[in-house]
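Visitor: need a 3D model of the following:
(chains A and B)
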Amino acid sequence: AQSVTQLGSHVSVSEGALVLLRCNYSSSVPPYLFWYVQYPNQGLQLLLKYTTGATLVKGINGFEAEFKKSETSFHLTKPSAHMSDAAEYFCAVKSTGNQFYFGTGTSLTVIP
Amino acid sequence: EAQVTQNPRYLITVTGKKLTVTCSQNMNHEYMSWYRQDPGLGLRQIYYSMNVEVTDKGDVPEGYKVSRKEKRNFPLILESPSPNQTSLYFCASSFRDRTYGYTFGSGTRLTVV
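Guide: Numbering: from 1, shown residues only, chains lettered A, B, ... in the order given. Alright, predicted model coming up:
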């Protein structure tokens, strides 16, 4: 079985500060992991994904995430927050049956 | 432009009045899925389809129907909507390969009164 836990439903950071959004997964098979972003009144957009290979994955808008098998984690980071990063972020794991399992989301607020 | 198109974007209806939310994708994806998004609950899968004429229940299928007669279309049908189906609905599609992520539609905000 697969599942995803996002710690912290709301995260606030100051503009220019580090963004860290946490995601832990459980998977009975090698996981394929994804981060999505949802801006207000929009659908979800793929930020980045880990399938195989390099464990540090770079995505769009300066975000990156590191797959840590020993910690079953896939945390999302960005060195310097921008006002435009304010959005809802979802972590997801994809099963062998092509099913996505989403976390409950983390709402990011950026304070000027 | 590669996209998933949902219609309508907003819908207010009354309890018991049948409705259909359409979803169409132009990427030749085999896999399509419907989710509902509710505050604090994230995205929950309603139904999915692995290919034409192949559909299966997700986590919250009660009160919904789907069909997949053509590869590009995957409509969501509410035969007798109830207020607890008030939600934000998303259609998504993907290639079957696990390495692919979903492409999401823009969402349909449904209110049942």
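Visitor: near chain B at all, the helix or strand hosting residue A:34?
Guide: In this structure, residue A:34 sits in strand A:32-38 according to DSSP states H and E. Yes. Under the criterion of CB under 8 Å from any CB of the partner chain, chain B is reached by strand A:32-38 at A:32, A:34, A:36. The way it works is simple: take the backbone N, C-alpha and C, and place the C-beta from them, glycine included.
Visitor: hmm, who's touching the helix or strand encompassing residue B:55?
Guide: Secondary structure from DSSP H and E places residue B:55 in strand B:54-57. Residues outside strand B:54-57 that contact it (CB atoms under 8 Å, 6 or more residues apart in numbering or on different chains): B:47-50, B:66-68.
Visitor: out of the residues of strand A:32-38 next to chain B, who's the most crowded?
Guide: residue A:34 (28 neighbours; other CB atoms under 10 Å in any protein chain shown).
Visitor: who's in contact with that residue?
Guide: A:46-50, A:91-94, A:100, B:101.
Visitor: state the distance from it to residue B:53.
Guide: Noted for residue A:34: a distance of 28 Å to residue B:53, by CB to CB, to the nearest Å.
Visitor: check residue B:63 too.
Guide: For residue B:63, the distance to residue B:53 - CB to CB - is 22 Å.
Visitor: now swap in residue A:40 and tell me
Guide: With CB to CB as the criterion, residue A:40 and residue B:53 are 37 Å apart.
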